[in-house]
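In: Below: sequence and its predicted model.
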Amino acid sequence: MLFKDIIGRQDLKDHLMHTIQKKRISHAQLFLGNEGSGNLPLALAYARYVLCENKSETDSCGSCRNCTRMDKLEHPDVHFSFPVQAKGSEIYLSDHMISQWRAINLENPYFGLNDWYEAGEGSNKQGNIAVKEADSISHKLALKSFEGDYKILIMWLPEMMKAPASNKLLKIIEEPPPKTLFLLVSESADNIISTILSRTQIVKVLPPKESEVSEYLIQKYQLDKTEADNLAHLSERNVAEAIHLMRNLGSSKFNIDNFILWMRLCYKRDVPATIDWVDQITGRGHTREEHKSFLKFCLQMFRNSIVGHYTNGDTVVLTGEQEKFLKKFAPFINHNNIVLLSQSIDEAHYHIERNANPKILFMDLSLKIFLQLKKA
């Protein structure tokens, strides 16, 4: 990944290259940005630029020995750590999944956690970075570098480290071996232990502009401009989500069909039919990640409804099916209930991430929506 290949944020790219040129490299940096913001591609481009043998003022050369190794993410001095799902009772480390990690990065460096779980073909359990992973990291970084230059650790989603692992990693961050560089790539600094957070230099990565996301989709996937603009808006500038929407038309139809049915049942307060719906959406074959994706879609639809009240729909870009339903549904979402509806969806998403029972959760959420839709 070269800096020139990253969507937008030229000012930030120039700043990062300038710090390397002036040899002002902080040994621990936190690339902080929402999913699909480009914080991981930026960290990869930064590592390449540090190692590049013939770097210019504007980018890595792309052709030296270190650059060609980074093209395949196979540089011996660059190590990767990321959340891995358990399979049975066995604890898996990043090294066990490195082939899948390289493949998904090379295919789409803007991937999200759901994409990674699908690529990893793990269980339905939440992934994490285990204590044994921290031991493995410490061992790797204690060795001499192969090329006699920097040893670099790129850790994706350090917020998913267990506390004992965080404490072990803290020791090596506090007293790193010479020429050791930690690049942590996070979507939620609030969930990183404060002792690690305080020892990192934070690099804030804002999402690209809608126009930049649209242009990326046009160039990489040969979409027409209308379709690309629509995906850029629906994804709220999340590149990973835009690509997911593009590739999963079946998933999009699943979301809109179930949202329409669910809202109709909630408005009617049809408890027996709602129980049947909950059984269906949480039944065999539906994963926790699908539930999270569906809840995010519902939250987006609620927000589109309330925005439409005040803009006559001018700032809301929807598919034809969504627009048709929201014209009828939007009057039932207003200032009386939008806050509580949004909070209810956010809380449900939070608990799904923490392995709540999906049947109980969706039924409880349905009862809350029963009450809020009557505040129209």
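Out: Arrived safely, thanks for sending.
In: Going by C-alpha atoms from here, please, whenever you check contacts or count neighbours.
Out: OK.
In: What helix or strand is Ser136 located in?
Out: helix 131-142 (DSSP states H and E).
In: what's the next helix or strand after that helix in contact with?
Out: Counting by DSSP H and E, the element after helix 131-142 in chain order, helix or strand, is strand 151-156. Defining contact as C-alpha atoms under 8 Å, 6 or more residues apart in numbering, one finds that strand 151-156 is touched by 40, 43-44, 47, 77-83, 141, 145, 179-186.
In: before we move on, back to that, packing partners of the helix holding Ser136?
Out: helix 163-174 (3 or more C-alpha pairs under 8 Å, 6 or more residues apart in numbering; DSSP states H and E).
In: Now do the same contact list for Ala28.
Out: Going by C-alpha under 8 Å, 6+ apart, Ala28 touches Ile173, Leu181, Phe182, Leu183, Leu184, Arg199, Thr200, Gln201.
In: if we go to 10 Å?
Out: When contacts are counted by C-alpha atoms under 10 Å, 6 or more residues apart in numbering, Ala28 touches 152-153, 173-174, 176, 180-184, 196-197, 199-202.
In: what does Pro207 give?
Out: When contacts are counted by C-alpha under 10 Å, 6+ apart, Pro207 touches 7-9, 33-39, 213, 236-239.
In: next one: Asn34
Out: Contact analysis of Asn34 by C-alpha under 10 Å, 6+ apart lists Gly112, Ser186, Glu187, Ser188, Lys204, Val205, Leu206, Pro207, Arg237, Asn238.
In: Over to the fourth one: give its phi and psi.
Out: Dihedral pair for Ser188: phi -150, psi 90, per degrees, to the nearest 10.
In: Do I have it right that it meets Leu157?
Out: Yes - if you go by C-alpha atoms under 10 Å, Ser188 and Leu157 touch, sitting 8.1 Å apart.
In: Phi, psi for the closest residue to Met161 other than its chain neighbours please.
Out: Spatially, and ignoring its direct neighbours in sequence, Met161 is nearest to Ile129 (4.5 Å; C-alpha to C-alpha, 6 or more residues apart in numbering). Here is the backbone geometry of Ile129 (degrees, to the nearest 10): phi -110, psi 110.
In: Give me the number of neighbouring residues for Ile129.
Out: 27 (other C-alpha atoms under 10 Å).
In: ok now do it, which residues does it touch?
Out: 81-85, 91-94, 155-163, 165-166.
In: Of the contacts of Pro207 - the most surrounded one?
Out: Busiest of those [other C-alpha under 10 Å] is Val239, holding 30 neighbours.
In: Which pLDDT value goes with that one?
Out: Here the pLDDT value assigned to Val239 is 95.
In: got the contact list for it?
Out: Neighbours of Val239 in contact, by C-alpha under 10 Å, 6+ apart: 7, 35-38, 108-112, 207-208, 210, 212-214, 216-217, 231-232, 245.
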